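Colleague: What follows is a predicted protein model with its sequence.
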2 protein chains.
Amino acid sequence: MLGEKLKELRETKGFLQRQVAAQLQVDTAYISKMEHNEKPVSRNHLKKLSKVYSIPEAELLPLWLADKVLQVIEKQQYGIEALKLVLNKLDNDKSKP
Amino acid sequence: MLGEKLKELRETKGFLQRQVAAQLQVDTAYISKMEHNEKPVSRNHLKKLSKVYSIPEAELLPLWLADKVLQVIEKQQYGIEALKLVLNKLDNDKSKP
DNA sequence: TTGACTTGTCCTATAAAGGGCAAATGTAAA
DNA sequence: TTTACATTTGCCCTTTATAGGACAAGTCAA
């Protein structure tokens, strides 16, 4: 999910991977993999990316987290049930902290 | 979430941690930690536990997965948003596989 | 051809899993 | 009020997995 967003941002801003790579001080292959969800994006890179693309980090963070969740449940049975359990629990914990 | 369930199961079956520990071939401290969510439960142990307590693994798996998800989003902002994004994506992917 | 991007392979460092041991604490009964 | 288990907690250790990243070679479009 994050990958697509990053690619889209880069393209609408008209940047080349080479340019973004320079800002993060990595090579272009690394950027390519981020945009294809083949490498996780570190919190640190996420922050830099939000600067490079001039958007609030808050716009990327949910996607970033979602990818991490996705990776936990992918190829696993009961993923949806698990997510619902978690949502319920969070809801529940909120009312009595 | 899983910990509480394991403890409850053990108690209603009237087992001691020592007995369960023997079945899994670990020490009682390890069982205690599982029941307090202080150590993750491996898939393998989960399977054994389902046998020890004579319940289908399917009764434990969602809780087990939920704990893993929880651990990803805990102490993180936008956890709920992320979960909702994931649920949407899964829903979406289902319709066009 | 050249420049942009992708893909595969490899390496290293760090973090987490899996687990033991000892000491502390809880608890019931003699 | 000791004794005897059951459980919990803290600390330690080793192994495995993953993150983070480089590099080379491949593909794709103009």
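Modeller: Everything's here; your move.
Colleague: Next one: the nearest residue to A:K89 once chain neighbours are set aside from B:K7, what distance?
Modeller: In this structure, A:K89 finds its nearest non-sequential neighbour in B:M1, 6.6 Å apart by CB to CB, 6 or more residues apart in numbering or on different chains. C-betas here are computed from N, CA, C, even on glycine. To B:K7, B:M1 is 11 Å away according to CB to CB, to the nearest Å.
Colleague: circling back to that earlier point, just confirm the residue nearest to A:K89 contacts B:V69, I think it does.
Modeller: No - using CB atoms under 8 Å as the test, B:M1 is too far from B:V69 to be in contact (10.1 Å).
Colleague: of those two, who's got more company?
Modeller: B:V69 (25 against 18; other CB atoms under 10 Å in any protein chain shown).
Colleague: I'd say that one and A:Q71 touch.
Modeller: No - using CB under 8 Å, B:V69 is not in contact with A:Q71, being 10.3 Å away.
Colleague: Can you name the residues that contact the closest residue to A:S50 other than its chain neighbours?
Modeller: Nearest residue to A:S50 in three dimensions, chain neighbours excluded: A:E57, at 4.3 Å (CB to CB, 6+ apart). A:E57 makes contacts with A:46-47, A:50, as judged by CB atoms under 8 Å, 6 or more residues apart in numbering or on different chains.
Colleague: Kindly report the same for A:R10.
Modeller: Remark: with contacts taken as CB under 8 Å, 6+ apart, A:R10 is in contact with A:17, A:20, A:35, A:53.
Colleague: Who are the contact partners of the second one?
Modeller: Applying CB under 8 Å, 6+ apart to A:V20 gives the contacts A:10, A:31, A:49, A:52.
Colleague: Surely A:G3 touches A:S32?
Modeller: No - counting by CB under 8 Å, A:G3 stays clear of A:S32, with 9.6 Å between them.
Colleague: ok, these two, which is more surrounded?
Modeller: Applying other CB under 10 Å to A:G3 and A:S32 shows that A:G3 carries more neighbours, namely 18 against 15.
Colleague: Check which helix or strand that one maps to.
Modeller: Applying DSSP states H and E as the criterion places A:G3 in helix A:2-13.
Colleague: Would you mark the buried spots in that helix?
Modeller: A:2-3, A:5-7, A:9-10 (16 or more other CB atoms under 10 Å in any protein chain shown).
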